[in-house]
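Colleague: Okay, predicted coordinates and the sequence, questions at the end:
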Amino acid sequence: MKLVILDRDGVINEDSPRYVKSVAEWQPIPGSLEAIARLSQAGYRVFVASNQSGLGQGLFDYDAFSAMNDRMQTLLAEVGGRIDGIFFAPDHPQQATAQRKPAPGMLLDLAKRLGLNLEEVPSVGDSLRDIEAARAAGARPVLVRTGNGRRTEAEHGPSLRGIAVYDSLADFVVALLTGADQRPQTA
């Protein structure tokens, strides 16, 4: 099975330090939906694994969260793509469970449900906690510079040694589909 795991905020859609709390605030990063469509059309199953602490903090409710995901799926369908499953950790950061990244629980749960090993499965994120969760779950971490990615790269450069880094999800997908992502990118 060809599989890619994506963080949501900062990878697929624009992130906000005040959280993305509504459909009106959910805005796709240019090129991200088309990139996911390319993955879908190339036979990849695409899953989202995302911390959503705004739920645990009461900043938005499950209806708002569901509406944002429905918008994402609707916009993806319009360009020929889809998300095959959405895993999320609603934990408040100060009451984190093993599901909340940087812990690997969310990714391990995905692997268990699919009955597979995550070795060499790309897990794309924009923060150090995404990278740490992917490593701990045995997946192949990938950093994008969108969202918090540039800051993550600047602040944690040595911790990212050996990690492939791309300007955007679209750039990663081009590299993956053309076989050019076999080695970490630094420029």
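Modeller: Noted; the coordinates are in hand.
Colleague: which residues does the residue most central in space within the chain contact?
Modeller: For the chain, the residue nearest the mean C-alpha position is Asp7 (1.5 Å; Cα atoms, centre = their mean). Residues in contact with Asp7 (Cβ atoms under 8 Å, 6 or more residues apart in numbering) are 48-50, 124-127, 130. Where you see a C-beta, it was placed from the backbone N, CA and C, and this is true even at glycine.
Colleague: What values do phi and psi take at it?
Modeller: Torsion angles at Asp7 (phi, psi; degrees, to the nearest 10) stand at phi -70, psi 160.
Colleague: rewinding a little: pull the most distant pair out of the contacts of Asp7.
Modeller: Farthest pair in the contacts of Asp7 (Cβ to Cβ) is Val48 and Ser127. Separation: 14.6 Å.
Colleague: ok so, going back, who does the closest residue to the residue nearest to the centre of the chain other than its chain neighbours bridge with?
Modeller: Excluding the flanking residues, the one nearest Asp7 by Cβ to Cβ, 6 or more residues apart in numbering is Gly125, at 4.0 Å. Bridge pairing for Gly125 (DSSP bridges) gives the partners Leu143.
Colleague: my guess is Gly125 meets Arg140, correct?
Modeller: No - Gly125 sits out of contact with Arg140 when judged by Cβ atoms under 8 Å, with a separation of 11.5 Å.
Colleague: Give the residues shared as contacts by these two.
Modeller: Ala134.
Colleague: Just want to know which of these two has more residues nearby.
Modeller: Gly125 (29 against 18; other Cβ atoms under 10 Å).
Colleague: Could I get the contacting residues of the more buried one?
Modeller: Going by Cβ under 8 Å, 6+ apart, Gly125 touches 6-7, 10-11, 101, 131, 133-134, 141-144.
Colleague: Phe60 now?
Modeller: 19, 21-22, 54.
Colleague: before we move on, back to that, which among the contacts of Asp7 gets closest to Leu76?
Modeller: Nearest to Leu76 among the contacts of Asp7, with distances taken as Cβ to Cβ, is Val48, at 11.0 Å.
Colleague: so the closest one sits in a strand?
Modeller: Yes - assessed by DSSP: H, G, I helix; E, B strand; the rest coil, Val48 belongs to a strand.
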